[in-house]
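[1] Sequence and predicted structure are below.
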Amino acid sequence: MKKIFQIVLILCLTTIITKAQWEQLNSGTSQNLYSICFTDANTGYTVGRGGVILKTTDGGDNWVSKTSGTTNELFTVFFLTENIGFIGGDWGTILKTTDAGENWSLKLSGIDYNCFFSIYFFDENKGFAVGDDIIVSTSDGGENWEAINTGYQERFYDVYFIDNNTGFIVGSYGTILKTIDGGATWDMISSGTDEWILSMFFVNGSTCFVSGTTGLMMKSTDACYNWTNQVSGTDDNLISIFFIDENIGYAAGEWGVILKTTNGGNDWVDMNSGLDSEFDDIFFINENVGFIVGSNGSIYKYTGSVSVSENKLIEDFLIYPNPANSIISITSDSNLSEQIQVSIFNLKGELVLSNLYEKSTGIDISSLNEGVYFVEINFNNETTFKKKCNSIIIKI
């Protein structure tokens with residue numbers, strides 16, 4: 001029996017809105033969760049207290065516990081590729097996987113009294129881990145680690161490299177360290193604050209955002225040399241920050257606070273989540289799908305909004321065949337380029353397929369489940385949305 005999809009888009013001069021919301025997922029644990037990351041739209045990991053490691057392969061609908069081999073608290077998870085990942089935690093714990101999180105092996109960091117809050121690798125060999133008054137590096141994929149003496153004794157919360165030579169570390173009392181020699185030496189950069197910087201996010205090689213205690217929010221556009229304070233609108237600690245692009249970003253922290261900006265941090269809006277968990281990490285797959293983790297095993301999934309702008313509707317598009325079960329084509333009297341970016345969303349606003357459409361080959365939709373979908377067409381630097389008004393499923 002073939003799958004047939006209702007893909008035809010009937011033009012409507014009305015706005016389509018799917019209400020943004022946070023949905024609680026069943027994590028299967030009551031342990032605090034401290035870090036989350038995804039390697040693709042379906043595969044993600046979260047770690048926490050008691051050596052908990054959870055993995056999902058269906059976009060967060062189900063989470064499966066993986067054996068960590070430790071009961072130490074695990075504070076950070078980082079994946080370099082879909083298969084190679086690292087976890088850092090209490091008492092110098094560092095774990096590594098090479099099979100997409102199915103198995104984890106303990107690596108000797110040489111540290112048995114400090115905890116690691118952040119790990120970053122820029123290739124399969126070279127990486128760094130930072131934490132409670134400690135910075136360590138490896139040049140053999142995590143098999144061996146060496147402590148780096150920076151001369152600064154702070155609690156370091158986050159580490160990130162914009163290239164193989166240039167990296168940054170942030171931490172307590174406004175600490176920002178920078179290296180330009182691949183981590184061999186580190187120099188202090190003035191942040192202009194004494195608040196503790198708990199998270200940083202680079203949108204590109206020069207634009208960076210940081211968040212921290214008592215609602216700290218700052219932005220730099222020159223690779224951390226100069227900072228502009230931003231008004232977060234909260235006095236709560238902002239533990240994690242994540243940006244999708246230069247304009248759209250999120251921050252989360254204590255007492256269920258979740259903030260969003262759509263203009264590069266000039267304005268931060270409280271999303272009024274209505275949740276009372278402490279949130280320790282936030283991760284977005286795209287503008288419409290994100291995740292947040294925190295106290296008592298809480299995992300929430302964000303489903304954003306899909307809207308249709310009247311002035312961007314193109315009335316002469318035809319997507320055919322409809323219904324369809326394999327390949328769809330796009331035609332228009334408008335002057336289309338040979339290549340068009342096509343994105344397909346389900347009714348929850350989740351991106352399920354994104355491909356570059358070529359007139360000669362069409363778009364293969366055979367991997368999708370039966371259902372009704374929104375299609376976004378991007379060409380000539382403009383985006384057109386069209387609405388499917390009939391939710392008809394046909395089987396043959």
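    It's in. The structure displayed is predicted, hence computed values, not measured ones.
[2] What is the burial count for Val47?
    28 (other CB atoms under 10 Å). Using the backbone N, CA and C atoms, a C-beta is placed for each residue, glycine as well.
[3] What is the neighbour count of the closest residue to it other than its chain neighbours?
    Nearest residue to Val47, sequence neighbours excluded (CB to CB, 6 or more residues apart in numbering): Leu74, at 3.9 Å. By other CB under 10 Å, 30 other residues sit near Leu74.
[4] ok, now the one 4 residues further on?
    Neighbourhood size, Phe78 [other CB under 10 Å]: 19.
[5] Read off the pLDDT value for it.
    For Phe78, the model assigns a pLDDT of 96.
[6] rewinding a little: show me what contacts the residue nearest to Val47?
    Residues in contact with Leu74 (CB atoms under 8 Å, 6 or more residues apart in numbering) are 34-35, 47-49, 51-53, 68, 87-90, 93, 95.
[7] Just to be sure, which of those residues are found in strands?
    Of the contacts of Leu74, the ones assigned to strands by DSSP state E are Tyr34, Ser35, Val47, Gly48, Ile53, Ile87, Gly88, Gly89, Leu95.
[8] Can you add distance to Trp227 and pLDDT and give the residues you listed back as a markdown table?
    Listed next are the ones in strands among the contacts of Leu74 as a markdown table, based on distance: CB to CB, whole Å; pLDDT from 0 to 100:
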| residue | distance to Trp227 | pLDDT |
| --- | --- | --- |
| Tyr34 | 26 | 97 |
| Ser35 | 25 | 97 |
| Val47 | 30 | 98 |
| Gly48 | 31 | 97 |
| Ile53 | 36 | 98 |
| Ile87 | 31 | 97 |
| Gly88 | 27 | 96 |
| Gly89 | 30 | 95 |
| Leu95 | 34 | 97 |
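[9] and of those residues, the nearest to Ser343?
    Ser35 (28.4 Å; CB to CB).
[10] I figured Leu54 hits Thr67, correct?
    No - checked against CB atoms under 8 Å, the pair Leu54 and Thr67 is beyond contact range at 11.6 Å.
[11] Share the number of residues neighbouring the closest residue to Leu275 other than its chain neighbours, please.
    Counting by CB to CB, 6+ apart, the nearest residue to Leu275 once its immediate chain neighbours are dropped is Gly256, at 3.9 Å. Using other CB under 10 Å, the number of residues around Gly256 comes to 22.
[12] same deal with Pro323?
    17.
[13] swap in Ile119?
    28.
[14] helix, strand or coil for Thr214?
    What DSSP: H, G, I helix; E, B strand; the rest coil gives for Thr214 is helix.
[15] For the nearest residue to Ser105 once chain neighbours are set aside, list the residues it contacts.
    Distance criterion CB to CB, 6+ apart; nearest residue to Ser105, sequence neighbours excluded, is Lys96 at 5.6 Å. By CB under 8 Å, 6+ apart, the residues touching Lys96 are Ile84, Gly85, Phe86, Ile87, Trp104, Ser105, Lys107, Gly141, Gly142.
[16] Tyr157 versus Lys96, what's the distance?
    Using CB to CB, to the nearest Å, we find Lys96 at a distance of 21 Å from Tyr157.
[17] So the residue nearest to Leu275 sits against Asp270, correct?
    No - contact between Gly256 and Asp270 fails when scored by CB under 8 Å: they sit 10.1 Å apart.
[18] Need the overlap of contacts for the two.
    Residues touching both Gly256 and Asp270 by CB under 8 Å, 6+ apart: none at all.
[19] partners of the residue nearest to Ser105 in the sheet?
    On the basis of DSSP bridges, Lys96 is bridged to Phe86, Ser105.
[20] Can you give me the neighbour number for Glu287?
    Neighbours around Glu287, by other CB under 10 Å: 16.
[21] How about the closest residue to Val170 other than its chain neighbours: which residues does it bridge to?
    In this structure, Val170 finds its nearest non-sequential neighbour in Ile197, 4.0 Å apart by CB to CB, 6+ apart. Note on Ile197: beta-bridge partners by DSSP bridges are Gly212.
[22] rewinding a little: and Leu54 and Thr67? Which one has more around it.
    Between Leu54 and Thr67, Leu54 has the larger neighbour count (other CB under 10 Å), namely 25 against 10.
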